[in-house]
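>>> sequence? don't have it. structure:
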């Protein structure tokens with residue numbers, strides 16, 4: 001695999017458009033001969049449980065995408081008979097998705113095969129590279145409205161290439177759009193080998209509050225609000241679910257992790273505009 005911080009990627013990646021590239025099928029084999037570290041960007045469970053060794057982690061964002069719970073999951077957060085819902089990205093020219101990027105060492109040949117199994121074989125995701133923008137230390141609270149209207153600093157100088165996993169409608173686990181109350185009920189009812197689907201949603205919302213309290217993710221926080229509402233009506237203790245499953249899912253201790261910011265409360269609505277899926 002070539003150095004992902006090198007902008008000359010025409011020979012390494014098949015270009016779909018100016019923002020998103022597809023990594024070739026020999027990624028894992030070629031990674032064995034790479035000479036430079038590379039970044040992996042997570043916007044779902046990777047944010048709190050990467051599962052692989054890394055040298056550094058940093059909070060940041062990718063442009064041109066919005067996060068949606070449209071991907072089914074039959075292993076980690078659901079079963080074949082009762083699939084859960086996990087996050088994927090859909091193409092949105094005005095979208096900004098926050099998450100966490102992890103720097104993997106050049107001599108690490110385990111991370112990509114691990115992710116290929118976790119995200120691709122089991123999850124139904126495909127591998128891409130995107131421009132990842134680390135959060136600027138000078139970033140202030142000048143955020144407007146929603147994740148689709150953030151006022152962001154000019155970070156083109158600091159942007160990095162990062163490996164990214166996206167589920168597209170062609171995969172067999174795809175569930176697609178549905179009314180938010182229906183998605184919330186499905187999330188509340190499902191669980192898999194890694195724990196409850198609700199724990200996945202709540203951990204992701206918790207990550208956003210702690211790491212990027214200025215930003216809003218309308219889809220994510222609307223679902224969280226509904227899951228909490230339905231859980232209260234059904235007398236389900238969500239804090240117990242999170243507390244029990246946290247004990248067995250702690251991510252490895254790593255150096256140079258970004259510190260959490262103060263938490264705050266969010267409530268939002270789903271935008272009315274129709275968004276396009278990634279054009280494969």
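Looks like it arrived, so ask away. Treat the numbers as computed from the prediction; the structure is a model and nothing was measured.
>>> Helices along the protein, start to end?
Using DSSP state H, the helices of the chain run over residues 27-31, 111-115, 180-189, 197-211, 218-233, 238-246.
>>> on contacts alone, who are the packing partners of the fifth one?
It stands for helix 218-233. Of the remaining helices and strands, those touching helix 218-233 by 3 or more C-beta pairs under 8 Å, 6 or more residues apart in numbering; DSSP states H and E are strand 56-73, helix 180-189, helix 197-211, helix 238-246. Just so you know, the C-beta spots here come from the backbone N, C-alpha and C atoms, and that holds for glycine as well.
>>> Check what contacts the second one and list those residues.
So that's helix 180-189. Here helix 180-189 makes contact (C-beta atoms under 8 Å, 6 or more residues apart in numbering) with 69, 82, 84-85, 178, 197-198, 200-201, 219, 222-223, 226-227, 230-231, 234, 236, 270.
>>> relative orientation of it and strand 56-73 in degrees?
Interaxial angle of helix 180-189 relative to strand 56-73 (axes from the mean of the first three to the mean of the last three C-alpha atoms, to 10 degrees): 100 degrees.
>>> Kindly report the same for the third one.
Computed with the same axes, to 10 degrees, the direction of helix 197-211 lies at 150 degrees from that of strand 56-73.
>>> pLDDT (mean, whole number) over helix 197-211?
The average pLDDT within helix 197-211 is 96.
>>> Ok, the longest one next?
Averaging the model's pLDDT scores along strand 56-73 yields 96.
>>> Okay, strands next: where are they in the stretch 51-200 of the chain?
Listed in chain order, the strands of the stretch 51-200 of the chain (DSSP state E, counting those that start in this stretch) span residues 56-73, 84-104, 126-134, 160-166, 191-192, 195-196.
>>> helices and strands around the first one, which ones?
Looking back up the chat, that one is strand 56-73. strand 84-104, strand 126-134, strand 160-166, helix 197-211, helix 218-233.
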